[in-house]
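# Pasting a predicted model and its sequence here:
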Amino acid sequence: MSKLRVAVLGAKGRIGAEAVRAVEAAEDLELVAALGRGDALGTLTDTGAQVVVELTTPASVMENLDFCVRHGIHAVVGTTGWTDDRLAQLDTSLAASPETGVLIAPNFSIGAVLTMKFAQAAAPYFESVEVIELHHPNKVDAPSGTATRTAQLIAAARQQAGSAPQPDATATALDGARGADVDGVPVHAVRLRGLLAHQEVLLGGEGETLTIRHDSLHHSSFMPGILLGVRRVVDTPGLTFGLEHFLDLR
Ligand SMILES: NC(=O)c1ccc[n+]([C@@H]2O[C@H](COP(=O)([O-])OP(=O)(O)OC[C@H]3O[C@@H](n4cnc5c(N)ncnc54)[C@H](O)[C@@H]3O)[C@@H](O)[C@H]2O)c1
Ligand SMILES: O=C(O)C1=N[C@H](C(=O)O)CCC1
């Protein structure tokens, strides 16, 4: 059986370098290109890449994906910075290339995906819920893509359940003291040397709290999800948002 031809964009970055190693180690995949900033995207077509793993920056991702989709190259995207406008733009380019698949995963680690699922399930049962994300200090964006997605899922679950707005009598606060408001859910971002990628979802009800915490301790935690995405995206045309759609979660 022929190997799937895979390229990595952002190959010298923290997660990109790990992805290069993971693709090289996978028997059913062939690494055909490992591109960094300034490298020509034409290498992707020259090398016959079938799937691109996009792990660059929010400033670069749209141009890279535009190239991939126009050339019918499937993409597995870990880069953050997704807004409704950006997703709509991507949908429009995918409509012109209906056989191409793009998976965007705010987080490729199974623990983070489960954290989102558990938080979504628990949110309607508690009066209060806040998200704290904690990352290494070289991270360029805040809040993290994972925290934003978690808060959106929590908010949607609460709205669907008809939950009341969260109690909060704080009338005076320094700007930022209550975090960012993501669909009504406060999200707090910590940047700390020594950390990699961590998240807590704090839920509170009368006389009890529940904390759901996930820790990515090494970039290897993201690799099984990336490899699963690469293998599945070739048979999944259109835009898929969230690795959970490729997992058999009960
Ligand atoms: N979804 C996930 O599970 C997951 C996990 C970790 C990181 N991330 C995200 O992945 C992205 C990269 O994170 P990082 O920590 O590796 O950052 P990083 O800064 O270490 O790496 C990014 C790399 O991309 C390169 N780059 C920039 N523009 C480029 C371009 N146009 N073409 C090719 N390469 C380009 C940079 O030079 C750099 O080497 C961030 O958005 C981060 O939030 C996602
Ligand atoms: O290290 C990063 O940067 C990470 N980015 C993603 C996010 O913003 O959620 C996933 C976790 C690691």
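Arrived safely. Just so we're clear, the structure is a prediction, and the values are computed from it rather than from any experiment. Ligands and ions are numbered 1, 2, ... in the order given.

# C-alpha from now on. contacts and neighbour counts both.
Noted.

# what number of residues lie near the nearest residue to G242 once chain neighbours are set aside?
Counting by CA to CA, 6 or more residues apart in numbering, G242 lies nearest to A105, which is 4.5 Å off, once chain neighbours are set aside. For A105, the count of nearby residues is 25 (other CA atoms under 10 Å).

# my guess is A105 meets F246, correct?
No - the pair formed by A105 and F246 falls short of the contact definition of CA atoms under 8 Å, at 10.4 Å.

# How about stretch 94-114 and ligand 2, touching?
Yes - under the criterion of CA under 6 Å from any ligand atom, stretch 94-114 makes contact with ligand 2 via 106-107.

# Tell me the buried residues in stretch 198-210?
Going by neighbour count (16 or more other CA atoms under 10 Å), the buried part of stretch 198-210 is 198-204.

# Then stretch 71-83?
72-82.

# Out of these, which is nearest to D183?
W82 (15.0 Å; CA to CA).

# Residues of this protein that sit close to ligand 1?
Selection of the chain residues close to ligand 1 by CA under 6 Å from any ligand atom yields 9-10, 12-16, 35-37, 55-58, 60, 78-80, 105-108, 222.

# and the buried residues of stretch 71-83 as CSV, adding secondary structure and distance to E130?
As requested, these are arranged in CSV below (DSSP: H, G, I helix; E, B strand; the rest coil; distance: CA to CA, whole Å):
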residue, secondary structure, distance to E130
G72, coil, 40
I73, coil, 38
H74, strand, 35
A75, strand, 32
V76, strand, 29
V77, strand, 27
G78, coil, 24
T79, coil, 24
T80, coil, 21
G81, coil, 21
W82, coil, 21
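
# Select, from those, the two members most distant in space.
Using CA to CA, the pair of those lying farthest apart is G72 and G81, separated by 22.9 Å.

# Could you measure from the closest residue to T100 other than its chain neighbours over to ligand 1?
The spatial neighbour of T100 that comes closest, neighbours along the chain excluded (CA to CA, 6+ apart), is P237 at 5.0 Å. The spacing between P237 and ligand 1, counted by CA to the nearest ligand atom, to the nearest Å, is 20 Å.

# Ok, A189 next?
In this view, A189 and ligand 1 are 13 Å apart by CA to the nearest ligand atom.

# which phi and psi does the residue nearest to that residue when sequence neighbours are not counted have?
By the measure of CA to CA, 6+ apart, the closest residue to A189 outside its immediate chain neighbours is E133, 5.0 Å from it. Dihedral pair for E133: phi -110, psi 140, per degrees, to the nearest 10.

# got it, and P106?
Here P106 shows phi and psi, under degrees, to the nearest 10, equal to phi -60, psi -30.

# any idea how far it is from A173?
Here P106 is placed at a distance of 30 Å from A173 (CA to CA, to the nearest Å).

# Between those two, point out the one with more neighbours.
Higher neighbour count among P106 and A173: P106, with 24 against 8, using other CA under 10 Å.

# Residues of the protein that sit close to ligand 2?
80, 106-107, 139, 144-146, 197.

# Take the residues you listed and, keeping just the buried ones, write it as a PyMOL select command.
Paste this into PyMOL to select the buried members of these, with burial taken from 16+ other CA under 10 Å:
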select buried, resi 80+106+107+144+145+146+197
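
# which of the residues of the chain next to ligand 2 lies closest to G242?
P106 (6.4 Å).

# Please list the members of the residues of the chain next to ligand 1 that lie in strands.
Filtering the residues of the chain next to ligand 1 for membership in strands, criterion DSSP state E, returns 9, 35.
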